[in-house]
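[1] Below is the sequence, then the predicted model.
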Amino acid sequence: MLRNRQTYTDIFNRRSLILGLGQVGLLGLLAGRLQYLQIAQGDKYVTLAEDNRVNIEPLASPRGRLLDRAGRVLARDDQSFQIILIPEQVESIDHALDQISKIVPVSAALRRDVLRRVKRARRFQPITVVDNVDWNSFARASLNEPLLDGIVATVGDKRIYPEGPAVAHYIGYVGREGKRDERARAYPFSGRSGLEKLYEEQLKGRPGDRRVEVNVMGRTIRELERNKGTPGENVVLALDRDVQQVAYDALNGRSGSVVMVDCVTGEIYCLVSAPSFDPNAMAVGIDNQTWQTLTEDEKKPLMNKALAGLYAPGSTFKMIVALAALQAGVATPATRRQCTGHYEFGDRRFHCWEKDGHGWLDMEQAIAHSCDVYFYDLALQTGIDAIHDMAKKFGFGEALGLGLEGEKKGVMPNRDWKRANFDTRWEPGETLITGIGQGYILTSPAQLALMVARIASGHKVIPQLKRASQDVTFEPLDIPEEHLAVVRRGMNAVMNVAGGTAFGSRINVKGRKMAGKTGTVQVRRISEAERLAGVVDNADLPWRLRDHALFVGYAPIEAPRYAISAVVEHGGSGSRAAAPVAKTVMAFAMGQMDQWLGTQEDNA
């Protein structure tokens, strides 16, 4: 009996010991956890507790400016006059909107949007009703503010573009952030297109912040601390504001584009697309009707035609064909052909633009007079692959590498391209029409300007968006200088020898002249019956059926500096529509030349 009692006692003691050790262990774990939370993680929980009464709110910093090569402002921040309402301070949102509508128009769509935003926000949070109001409306709202409970006139920020539509496609525009989150407060607007979008990281800067004390409802009680952010960087562009404006005005509302590139540095002096739009309106938001008008316009004002517009290059491509023929050894500068006004090939007749023909011509004369027959024959002798390879050296079928969205690289066809895209062989007749820059070949105005810059300089010029330094150099083209000299002489004759297709648009600025090449591109097929009856004049055709007008050129001839391309959509004739545009722009640029070069030397 005693033995059993001792056994039970031993069991109880062991169990008590185990239970006690367990309790000690648990207390140790609890103590360790408390130590970890209070000491190791103390700062973290202090911060979390502080966040229950202190909010950190981001503060937007000024956005950097976009400047032209002379430091003139193309895009900057400015004040925006706003009318806001504070829901908790108004008896009725509808009544408040009625009061605001007596100062500025409040559309039904805006009213619905405000009501929607009020439902999502806290009652004490201000709601922007109208942004970017005019000064008179802002003054009226400010004057009547004591009588308008919960309605406040205030000042915010906006992005403005002093040059307006002239720079819209190149500079682009910003848009306000739609979400009311931390990013929207730190960066109220961001680049949506053009250089505003391309240089977003440089322009937007680094936001600041402020620490504010709030109550349990999130209402701000007082500001505790404010830290300034870092303003965005200014970006100095190669573009010249005045040349851009002159080019835009020279198009005079017609649909088209003008691009000017420096033959030495690759700097883009102007990149114009017309018709255009107002980037100031886009930055603050446009209504649906205005947007619909822009998108449905047949002249496509929203398209950047300089980079996204694709056209057959027409006769501006003849210099490439000439260089390919010289490189292939199938022709020399002295090679002569007779133009009778048409070219027989198989059972088809291919016509020259000069109905009665040009007679006997050598290569330079064929470029000067833009003889189609000469280049039909030259292309057939050279072959499409050799023409393709030469065109690639001048940027055809390749993106410019600017980084701007929407750019199209165009098409430079050859046998492999035809097989890959149509699963059929290349036909000799397709080589023939490629010889005059028609058929499958497509290029942009920017590519045409680059082509001329490379012809003029003999170097692989690469276009530059930003102001370049004086030590910019480009590698030479793998083309004999004597071959380039042939096409340059032909382009000189186009402009400066009587009978040249652009003789009427020649310039002479302090002895400096321009060389160039015209191009007229058909957008419809002319039947044999129409030729017999008389080809309908462009002026008598609907706008969409008229020929495109093109021109490319460079100046000064003796020391090439500026290359230009001009395209007038459905302009009818390169010599009558596009060449005068280029003449106006180039003459202005040449007048600025001494000033520009002097500035570059000063900054070197």
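    Received it, and whenever you're ready, just let me know what you need. All of these numbers come straight from a predicted model, not from anything done at the bench.
[2] for the chain, what's the longest strand?
    In the chain, assigned by DSSP state E, the strand with the most residues is strand 73-85.
[3] Give me the mean pLDDT for stretch 352-360.
    Stretch 352-360 carries an average pLDDT of 92.
[4] Now the residue nearest the centre of the chain: closest residue in space that isn't a chain neighbour?
    Computing the C-alpha centroid of the chain and ranking residues by C-alpha atoms, centre = their mean puts Gly194 first, at 3.4 Å. Ranked by C-beta to C-beta, 6 or more residues apart in numbering and with sequence neighbours excluded, the top spatial neighbour of Gly194 is Gly172, at 2.0 Å. For glycine as for every other residue, the C-beta is placed from the backbone atoms N, C-alpha and C.
[5] same check, this time on Ala281
    Thr290 (7.4 Å).
[6] What strands line up against whichever strand or helix holds Val155, and which way round?
    For Val155, the host element (DSSP states H and E) is strand 151-160. Note on strand 151-160: by DSSP bridges, its sheet partners are strand 73-85 (antiparallel).
[7] Run through who's touching the helix or strand following the partner strand.
    Toward the C-terminal end, the helix or strand that comes next after strand 73-85 (DSSP H and E) is helix 93-101. Applying C-beta atoms under 8 Å, 6 or more residues apart in numbering, the contact partners of helix 93-101 are 83, 85, 87, 90, 106, 111, 114-115, 118, 129-130, 141, 148, 150-151.
[8] Can you tell me which of these is closest to Val497?
    Val130 (62.2 Å; C-beta to C-beta).
[9] Skipping its backbone neighbours, what lies nearest the closest one in space?
    The shortest distance from Val130 to any non-neighbouring residue, by C-beta to C-beta, 6+ apart, is to Ile83 (4.6 Å).
[10] What is the neighbour count of the one you found?
    24 (other C-beta atoms under 10 Å).
[11] dump the residue contacts of it.
    100, 103-104, 128-130, 133, 137-138, 141, 151-154.
[12] For it, name its beta-bridge partners.
    Assessed by DSSP bridges, Ile83 has beta-bridge partners Val130, Ala153.
[13] got it, and Glu267?
    Gln464.
[14] Now for it, how many residues are close by?
    Neighbours of Glu267 using other C-beta under 10 Å come to 25.
[15] wait, isn't it in contact with Arg467?
    Yes: using C-beta atoms under 8 Å, Glu267 is in contact with Arg467, at 6.9 Å.
[16] Specify the residue ranges that define each domain of this protein.
    57-236, 241-278+299-603 (automatic domain parsing).
[17] out of those, deepest packed?
    domain 241-278+299-603 (a mean of 20; mean count of other C-beta atoms under 10 Å).
[18] need the longest helix for this structure.
    In the chain, with assignment by DSSP state H, the single longest helix is helix 2-35.
[19] packing partners for that helix?
    The criterion is 3 or more C-beta pairs under 8 Å, 6 or more residues apart in numbering; DSSP states H and E, and there are no helices or strands that helix 2-35 contacts.
[20] That helix - what's its average pLDDT?
    On average, helix 2-35 scores 70.
[21] Now do the residue nearest to Gly194, the pLDDT please.
    So, for Gly172, pLDDT stands at 94.
[22] going forward, begin numbering at 147 instead of 1
    Renumbered: residue one is now 147, and that last one reads Gly318.
[23] Next up, the contacts around it.
    Gly337, Arg338, Ser339, Gly340, Leu341, Glu342, Lys343, Leu344, Pro425.
[24] Hmm, the last one is touching Ala312, no?
    Going back to what we said before, that points to Pro425. No: with contact defined as C-beta under 8 Å, Pro425 does not count as touching Ala312 (9.9 Å).
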